[in-house]
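Participant: Predicted structure and sequence below. I'll ask about it afterward.
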Amino acid sequence: MAARQLGSALLRRIASYGQTTSGGSAVRTFSAGSSKGNELLEGMEHATGLEKAEKDGFSKGINIFTEGEAWLQAPFGTPEKPVVVTSAFTERIVGVTDPEDDSIVVWDFIRQGEPPKQIIENGEYFVLKQVDNHDDHFKPHTWTGLDS
Amino acid sequence: MSSSTLQRHPFHLVDPSPWPLLGAFAALCTTFGAVMWMHAYQNGGLLFSFGFLSLLYTMAVWWRDVTKEATYEGHHTKAVQTGLRWGMILFIVSEIMFFFAFFWAFFHSSVAPAIEIGGIWPPKGIEVLSPWEVPLLNTLILLLSGASVTWAHHAILCGEKQQAIISLIVTIVLAIIFTGLQGLEYVEAPFSISDGVYGCTFFLATGFHGFHVFIGTCFLTVCLFRQHFGHFTPSHHFGFEAAAWYWHFVDVVWLFLFVSIYWWGGQ
Amino acid sequence: MATTVRQAARSIGGLARASLRNAQDKTKFGVRNMSGGSYEEELANTNMWRNVTFVGLPIVGGLTVYIFSQAHHHGHEQPAYSYLQIRNKDFPWGTGKENLFDMLSGKAAKE
């Protein structure tokens, strides 16, 4: 019987152990009643450098690695009215996605003075237009998606 | 750090490091030294010791650098963590193949025992260890350590730092007890690695398992210290997860060892 | 020819896409990678596994005491079969004749 009492005392101790530690951790990263939004930011106090930038971006709802990517916005390029690709040089590499699988990008050169060029079957037509050699082409890429 | 100097991709391009070269050199010295030592060449033991200590040093400083890059420099973005996950998965798959080979050797010799060992398994003259004594106890110890490492994982996931430390200590103590009991079994064993194909396959498989338990124990001990210093957060603790995966792998290998070598192979 | 190449690229692209999506879409920030639970669910899991551990510890302790209280019966001498006690060359430790664990435990010295 003594052993049984000891056993139940031990179990009570085990049971109470969880309650005492679960409430009072001083450096917990989020409160117990937190909403989903707060939980997404848990662990922020640690993050530094790129990891912090990634998390900060996420808290604003953006992916800092794809934010601000240059996508060509133009009407569908036909042989009569091709998409005009600008470049500081006499050629530029253009990629088009495969219509059946947009994870595949087919790349090709569009060169100055060539007739409208189609990169994939049934795809758009492109021509190159050389533009002024602006200085900012030679500056390191600057990007403002992450001011905080 | 201003935003314009941040990289535009989530991947970690590592800095040049001397550790791969030093590690390769240390591994070369270790293997050459071990062979020379076992074949009684002069200074073989010296080369082996030098190589092995260099290897341990390389492991310590290399992983110190990885911890630095992850926790203090913030290089481990979500994409990098995914890469680390794949790396650990592939590493454990390669470990499975490693042990698969030893089980193959064991079953090759035991399923159809050669006439030279009496046509029976265990071979005639081999007195085996009973599976229902220390091996059974070791099975329960490893299963329990699997439970306590899961406790540690959930404690980290909900930010219970104190519980995470206690559960990691429980896991490590169980791991050390396992290794101690295996050492005791090795001393007590009535056969040795040079007692024919039984001793050979037995000590090769269980010995390498024991060595992996030791590695897993070191891995978990590093995690204990990192938990103590507050490196792990509920959303970023892959170092611990990798240790837990590795520990479960070691646990599963033991279950196979117990069932096939100790139990089936000991009848 | 071009179609075949594109088909091959498509299947490779499928793999690449799967891993990219895994890296960028599915692995959401802050969502715990090995559990989808809230704090309360995680606390319940923590408590459950702590209880499993604390129930297991006395079982293992008891089994340890039981097993070590049993008498060990060690066998009789075996005839010297040719495939036992193989010593093609000396061990690199001790006198070269004893195996490592016999030497470490001092068993070899007694014999």
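Facilitator: Right, received. Where do you want to start?
Participant: Counting neighbours, what do you get for the residue in the stretch 101-250 of chain B that chain A sits nearest to?
Facilitator: Relative to chain A, the nearest point of the stretch 101-250 of chain B is residue B:233 (3.0 Å; CB to the nearest CB). C-betas here are computed from N, CA, C, even on glycine. When neighbours are defined as other CB atoms under 10 Å in any protein chain shown, residue B:233 has 20 of them.
Participant: And residue A:76, by the same measure?
Facilitator: When neighbours are counted by other CB under 10 Å, residue A:76 registers 10.
Participant: So what does the residue nearest to it when sequence neighbours are not counted have for phi and psi?
Facilitator: In space, and not counting its chain neighbours, residue A:76 is closest to residue A:124: 5.8 Å by CB to CB, 6 or more residues apart in numbering or on different chains. Dihedral pair for residue A:124: phi -80, psi 160, per degrees, to the nearest 10.
Participant: Is residue A:124 in contact with residue A:81, as I believe?
Facilitator: No: the pair residue A:124 / residue A:81 is not scored as a contact, 10.3 Å apart, by CB atoms under 8 Å.
Participant: Looking at the two, which one has more neighbours?
Facilitator: Taking neighbours as other CB under 10 Å, residue A:124 and residue A:81 compare with residue A:124 leading, 19 against 13.
Participant: From chain B, how far out is that one?
Facilitator: If you measure residue A:124 against chain B using CB to the nearest CB, to the nearest Å, the figure is 26 Å.
Participant: quick one: contacts for residue B:35?
Facilitator: By CB atoms under 8 Å, 6 or more residues apart in numbering or on different chains, the contact set of residue B:35 is residue B:44.
Participant: pLDDT on the helix or strand encompassing it, on average?
Facilitator: Using DSSP states H and E, residue B:35 falls within helix B:19-38. Mean per-residue pLDDT for helix B:19-38: 97.
Participant: distance between that helix and the chain's centre?
Facilitator: Chain-centre distance of helix B:19-38: 19 Å, with CA atoms, centre = their mean, to the nearest Å.
Participant: Please identify the buried residues of that helix?
Facilitator: By 16 or more other CB atoms under 10 Å in any protein chain shown, the buried positions in helix B:19-38 come out as B:19, B:22-23, B:26, B:29-30, B:33-34, B:36-37.
Participant: now these in a markdown table, with distance to chain C?
Facilitator: As requested, these are exported to a markdown table (distance: CB to the nearest CB, whole Å):
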| residue | distance to chain C |
| --- | --- |
| B:19 | 26 |
| B:22 | 26 |
| B:23 | 25 |
| B:26 | 20 |
| B:29 | 16 |
| B:30 | 15 |
| B:33 | 11 |
| B:34 | 9 |
| B:36 | 10 |
| B:37 | 5 |
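Participant: Closest one of these to chain A?
Facilitator: Once CB to the nearest CB is applied, the member of the buried residues of helix B:19-38 that ends up nearest chain A is residue B:19, at 21.2 Å.
Participant: got a list of what the closest residue to the closest one other than its chain neighbours touches?
Facilitator: The shortest distance from residue B:19 to any non-neighbouring residue, by CB to CB, 6+ apart, is to residue B:62 (4.1 Å). Contacts were defined as CB under 8 Å, 6+ apart; by that measure residue B:62 touches B:17, B:19, B:23.
Participant: got those as CSV, with distance to residue A:65 columns?
Facilitator: Output for those, formatted as CSV (distance: CB to CB, whole Å):
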residue, distance to residue A:65
B:17, 25
B:19, 28
B:23, 32
